[in-house]
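[1] Okay, sequence plus prediction incoming.
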Amino acid sequence: MLDVALEITTEDVEAFARDGFLIRERIISPEAVDYLRNAMARSFEGGFDSGLMPDEVNWKPGDDPHVTRQICNVWKSNQALASVILSEATGQAVARLNGWPGARLAQDNLLWKPPMRDGQPGGTLGMHQDSAYAGWAEPRLMCTAWIALDDVSTEGGTMEFARASHLWGHAGPIGAFHNPADYKEAFRRAAEAACVAKPEMVSVAVPAGGGSIHHGWLWHGSGPNRTGNPRRSVVSHCLSSEARFTDEVGYVYSRYKRLDTDAMDEAFFPVLWTEDGGRSSFIEPFVRGERRWHAEG
Ligand SMILES: O=C(O)CCC(=O)C(=O)O
């Protein structure tokens, strides 16, 4: 079990409403960073400790070393990563910031942006709004906690936010997400539509173990990694604990939809925290290694 520190004050709630994000220097300890780096390396080598596979693995040894490596929903495969991704502190923080009665995980991501190699920088991630991809949920507002596992900087391709852009309105999904020719193209169009001539960009420049929380309609993305170090991060994309499926469930989310109900199954969308103690009961024994996926006995 690895501890996550994300206390939220009244000033934080006000800053989040105004800017659309919070940045923290330290969310997890240096020891936890080391532990998660190892868990991440094992996951990209195909080692899944719990015995279950993640939902999506977008890179394996032998693939192009220049592309950003990604795994989605690794929490079910690795208890150490799960203890951070599914932490109660994260659930409580995102719920408080958004005025939700609780929070559940929509999806996690491991992101590994490679270092400069053969004169080629590690790839960009196109600027987008997370909630543009959440038409399958109601309410569709997302909120994302992002934890850096390396010291991150603008030169190293860290995440960039456009301050207060969550107030600009709602655009659709962008074209290419990984390594687009111009990672700010859709964002510039949105700024123009919102009549914002000079958007204020803020980089999440923090030591390993620090990170950020951002609003589901905030424009964000990241530039090339021009340093000699990888840029690794662990991401929890959350929804309100009250979120339900809409009719736009689509290709990816159809696989989690139960018949005759729009309720989201906690086995796939675990509840991290609610104000009345509704955290999914399997999380603690799972992350402590006391409960496994196969039936006991
Ligand atoms: O890590 C990045 O560069 C972007 C990640 C992202 O889009 C997110 O966490 O919502």
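    Looks like it came in fine.
[2] all strands for this protein, in order.
    Listed in chain order, the strands found in the chain under DSSP state E are 21-24, 56-57, 69-72, 102-113, 125-128, 137-138, 143-148, 159-162, 201-203, 211-215, 220-222, 231-240, 244-245, 271-274.
[3] The nearest residue to Phe44 once chain neighbours are set aside: how many residues sit nearby?
    Distances taken as Cβ to Cβ, 6 or more residues apart in numbering put Arg69 closest to Phe44, at 5.7 Å, once the chain neighbours are dropped. Backbone N, C-alpha and C define where each C-beta goes, glycine included. Here the neighbour count serves as a burial measure; for Arg69 (other Cβ atoms under 10 Å) it reads 22.
[4] Can you give me every residue that contacts Arg69?
    Contacts for Arg69 (Cβ atoms under 8 Å, 6 or more residues apart in numbering) come out as Phe44, Asn58, Trp59, Asp63, Leu110, Leu111, Trp112, Pro114.
[5] that older thread, may I see the strands of the chain arranged in a markdown table, with distance to Val94 as well?
    Output for the strands of the chain, formatted as a markdown table (distance: least, Cβ to Cβ, whole Å):
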| stretch | distance to Val94 |
| --- | --- |
| strand 21-24 | 10 |
| strand 56-57 | 22 |
| strand 69-72 | 19 |
| strand 102-113 | 5 |
| strand 125-128 | 19 |
| strand 137-138 | 14 |
| strand 143-148 | 4 |
| strand 159-162 | 16 |
| strand 201-203 | 19 |
| strand 211-215 | 6 |
| strand 220-222 | 15 |
| strand 231-240 | 5 |
| strand 244-245 | 18 |
| strand 271-274 | 8 |
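[6] Compare those and give me the one nearest Pro30.
    Pro30 lies closest, by Cβ to Cβ, to one member of these: strand 143-148, at 12.1 Å.
[7] Run the chain-centre distance for that closest one.
    Put simply, strand 143-148 sits 5 Å off its chain's centre (Cα atoms, centre = their mean, to the nearest Å).
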